[in-house]
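Colleague: Build me a model from this:
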Amino acid sequence: MAIPKDLPVNERIRAREVLLIDHEGKNRGVVPLRAALAMARELGLDLVEVDPSATPPVCRILDYGKWKYKQEKKEREARKHRHAGELHEVRLRPNIGRHDLDFKVRNVERLLMDGAKVRVAVRFRRGREMEHTERGYQLLDLVKELLQGIAVVERPPTLEGQFLSMILGPDKRGIAQRQQQKEAGKSLV
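Modeller: Predicted coordinates for the structure are as follows:
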């Protein structure tokens, strides 16, 4: 059950009567606020108003500090696993060597296999390199060709200042096929 972060607790609850849920999750019915607070104090726990919009408001007996800690822990864990929006950047130079390009492409492939989006950018120095932006377009076409099957072009190459960049996203079907091929290759060895 999703409970908002800052809830009225103990004496901050303003209702006269509350629908009480005890520490074991049992519904105790409509109870005067003082009796609910006394029951919570007896157990060494807090009375927390979980649904102020209900008539009467719903209150629950629980250890508020412990509950808040668990909620924060769940949120941290959820944030850790959420990386669909991540955008990584791999920078290239227009005169990059073949081995260096292969190394960078392997990095892009690894990022795509992890499910991240990747911006592949070619950085031109001012002057003569800016005169030959077609080399950058050729380089990005080569990268696109090398990653064919596992990458989808989400934004085609665009020139912004001294950077020519495109955004690649993971191709789910291609990645699944690639992983099956890797696993089949491992089983043969």
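Colleague: which residues of this protein score low on pLDDT?
Modeller: Residues of the chain meeting the criterion pLDDT under 70: 1-5, 82-85, 186-189.
Colleague: All the helices of it, residue numbers only.
Modeller: 33-43, 64-81, 98-113, 128-131, 133-146, 172-188 (DSSP state H).
Colleague: Against which helices or strands is the longest one packed?
Modeller: When you say that, I think you mean helix 64-81. Contact analysis of helix 64-81 by 3 or more Cβ pairs under 8 Å, 6 or more residues apart in numbering; DSSP states H and E lists strand 46-51 as its packing neighbours. C-betas here are computed from N, CA, C, even on glycine.
Colleague: Compute the inter-axis angle for the strand it packs on and helix 33-43.
Modeller: Relative orientation of strand 46-51 versus helix 33-43 (axes from the mean of the first three to the mean of the last three Cα atoms, to 10 degrees): 130 degrees.
Colleague: packing partners for strand 46-51?
Modeller: strand 17-21, helix 33-43, strand 58-62, helix 64-81.
Colleague: Would you mind writing the CA trace of the last one as CSV?
Modeller: Provided in CSV are the C-alpha atoms of helix 64-81 (Å, rounded to 0.1, in the frame of the first residue of the first chain):
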residue,chain,number,x,y,z
TYR,A,64,6.6,5.1,12.2
GLY,A,65,10.4,5.5,12.2
LYS,A,66,10.9,1.9,11.1
TRP,A,67,8.1,2.2,8.4
LYS,A,68,9.7,5.4,7.0
TYR,A,69,13.1,3.8,6.9
LYS,A,70,11.7,0.8,4.9
GLN,A,71,9.9,3.2,2.5
GLU,A,72,13.1,5.1,1.8
LYS,A,73,15.0,1.8,1.3
LYS,A,74,12.4,0.6,-1.2
GLU,A,75,12.7,3.9,-3.1
ARG,A,76,16.5,3.7,-3.2
GLU,A,77,16.2,0.1,-4.5
ALA,A,78,13.7,1.2,-7.2
ARG,A,79,15.9,4.0,-8.3
LYS,A,80,18.9,1.6,-8.5
HIS,A,81,17.0,-0.6,-11.0
